[in-house]
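Asker: pasting the structure only:
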C-alpha cells in the first residue's frame with residue numbers, strides 16, 4: 001500500500017496523422033521506455049479519429065520523464081511536411097543508382113523518408129501540406145499531375161522536417177543527370193572506343209557516367225556523355241584531351257613520313273654506306289631518318305635515294321651525304337715505299353700505331369697483303385691530309401732507320417771484339433806447331449794432348465780390371 005501511494009497515472013494525446021509513424025515504432029518505443037523507466041506501464045487508446053491517447057502509470061518521476069520523452073519524439077513530427085519531386089522517366093535508372101543506393105543514401109544523410117508510388121496506379125492527390133515539384137528538366141509546380149505525365153515521369157515523395165526536406169530536394173536535384181556533347185572526328189572513333197569498347201568503358205567507370213556513340217557508318221560525329229554535372233565536366237575534359245593527343249599523333253606521323261628523293265651515282269653507294277653499312281647507319285641515327293637505296297635488279301631508277309623522316313631531318317641527312325660525297329670526290333691516293341726493316345715498328349702491334357696515324361690525319365692507309373714483296377703503302381684522303389700523313393710516316397721511317405743503323409754498328413763492334421778474342425786464344429793453343437818433325441815424343445810428355453785439350457783427358461776410358469767373384 002505504501003508503494004501505491006507513489007504510483008501516479010498520466011496521459012498524452014498524439015495527433016492521428018502520426019498514427020502510421022507511431023504504429024511502425026510502437027514495439028521499439030515501448031521496449032526502449034520500459035528499459036529506461038523500470039516499472040512503467042504504457043497503454044494506448046484511440047480517442048476518436050483525430051488522436052491517440054498514451055496512458056502511463058508508474059512512479060511520478062518515471063511518468064513525468066516518459067511523458068517528456070514522448071513529447072520530444074512527436075513534437076518535431078508536428079512540423080513534418082511532405083514534398084514531391086518529379087523525375088523524367090529517361091533519367092530514372094541513373095537517378096536511382098545500383099539497388100537504389102543513391103536515394104537511400106540521401107534519406108539516411110538528411111533524415112527524411114522517400115516513397116515511390118506504384119507507377120501502374122499513379123497518385124492523383126497528395127497531402128495538402130507544402131507541395132513542391134522541381135522547376136525545369138521535366139519538373140513544374142502543380143497539385144495534380146495528369147495521368148499521361150505520370151507515365152513519362154516518376155514522382156518521389158519526401159517526408160520530414162522542412163529544412164531536411166529542402167536539403168534532400170537539393171541533393172536530389174544534384175542527382176538529375178546532365179548531358180554534354182563532344183564532337184569527335186569519325187576517323188578517331190576506333191581509337192576512342194578501343195578494342196571491344198575498352199576505352200569508352202574505362203571512361204564510364206572512371207567518372208561514373210553514361211556515353212552514347214554513333215553507330216559505325218553513321219554520319220554523326222557526336223559522343224554524348226550523361227551523368228552528374230561535375231563528373232560529366234571531368235569526363236568531357238579528359239575526352240577532349242584524348243582527341244587532341246590523337247590528332248597530334250596523326251599529324252606527327254604525317255610529318256614523320258615526309259619523303260625526300262635525290263639523284264646519286266651508284267658508283268658512290270659502297271663508299272657512302274661504308275663497311276657493313278656503318279657510315280649510312282650513323283647518319284640515320286644522328287638525324288632520325290631512314291635512307292632507302294634502290295634494290296639491284298629492280299626496274300626502279302637505280303640512281304635515286306629516298307630519305308624518310310621529318311622534313312628538317314631529311315634535309316640535314318641529305319647535306320651529310322653530300323658532304324661525304326664531296327670528300328670522296330676530292331679524295332686522292334698516293335703510294336710511298338716503306339723500308340721493310342722499320343715496317344713493323346710503324347704499323348705497331350696489331351696495327352695500333354698505324355690506326356692512330358689514320359685517326360690523327362683523317363686518312364685511310366692500306367698496307368700490302370702479308371707475304372707480298374711490294375714495299376709500298378697507300379695513303380687515301382684529302383690532299384692536304386694525305387701529304388701531312390706521308391710526311392709523318394717518312395719522319396717515323398727516318399727515326400726508326402737511324403735506330404736500326406746505330407744498333408747494327410754496335411752489333412758489328414761486338415762481333416769484331418768477340419772474333420779478336422777467339423783469334424788470340426787460338427794462337428796460344430797452337431803456338432808450338434813449328435817444332436821439327438824429327439823430334440821424338442816422350443811417352444809421358446807433360447805437353448800431351450790431355451794437357452792441351454783437357455776435355456780429351458776427361459774422356460780417356462778408365463782402366464779395366466779383371467773380374468773377380
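Answerer: It's in. Keep in mind that what you see is a predicted model, and the values were worked out from it rather than measured. Numbers count the residues shown, from 1 in each chain.

Asker: where does this protein have low pLDDT?
Answerer: Confidence mapping of the chain against pLDDT under 70 gives the ranges 1-6, 16-26, 46-51, 75-79, 117-153, 215-220, 297-300, 405-469.

Asker: show me the domain layout of it.
Answerer: Here the domain assignment for the chain is 2-74, 79-175, 178-253, 258-330, 333-402, based on automatic domain parsing.

Asker: and the end-to-end length of the fourth one?
Answerer: To tie it back to what came earlier, the one meant is domain 258-330. 31 Å (CA to CA, to the nearest Å).

Asker: how about the helices in the stretch 251-400 of the chain?
Answerer: Assigned by DSSP state H, counting those that start in this stretch, the helices in the stretch 251-400 of the chain fall at 269-273, 278-287, 311-330, 343-347, 352-361, 383-429.

Asker: name the residues of the fifth one that are buried.
Answerer: Within helix 352-361, the residues that qualify as buried by neighbour count (16 or more other CB atoms under 10 Å) are 354, 357-358, 361. Any C-beta I mention is one placed from the backbone N, CA and C, and that applies to glycine too.

Asker: most widely separated two among those?
Answerer: Largest separation among the buried residues of helix 352-361 by CB to CB: 354 and 361, giving 11.1 Å.

Asker: quick one, what contacts the nearest residue to residue 38 once chain neighbours are set aside?
Answerer: Leaving aside its sequence neighbours, residue 38 sits nearest to residue 62 (CB to CB, 6 or more residues apart in numbering; 7.4 Å). Applying CB atoms under 8 Å, 6 or more residues apart in numbering to residue 62 gives the contacts 37-40.

Asker: ok, now residue 365?
Answerer: 354, 357-358, 377-380, 389.

Asker: quick one: residue 29 and residue 73 touch, right?
Answerer: Yes. Checked against CB atoms under 8 Å, the pair residue 29 and residue 73 is within contact range at 7.4 Å.

Asker: show residues contacting stretch 274-287.
Answerer: Here stretch 274-287 makes contact (CB under 8 Å, 6+ apart) with 272-273, 289-291, 309, 313-314, 316-317, 320-321, 324.

Asker: switch to 7 Å and redo it
Answerer: 272-273, 290-291, 309, 313, 316-317, 320-321 (CB atoms under 7 Å, 6 or more residues apart in numbering).

Asker: follow-up on the earlier one: can you tell me which of the contacts of residue 365 lies nearest to residue 56?
Answerer: residue 358 (115.9 Å).

Asker: where along the stretch 151-300 of the chain do the strands fall?
Answerer: Using DSSP state E, counting those that start in this stretch, the strands of the stretch 151-300 of the chain run over residues 153-161, 178-183, 210-213, 222-227, 258-263, 290-292.

Asker: what comes up buried for the third one?
Answerer: Put plainly, it is strand 210-213. Applying 16+ other CB under 10 Å to strand 210-213 flags 211, 213 as buried.

Asker: understood, closing this out.
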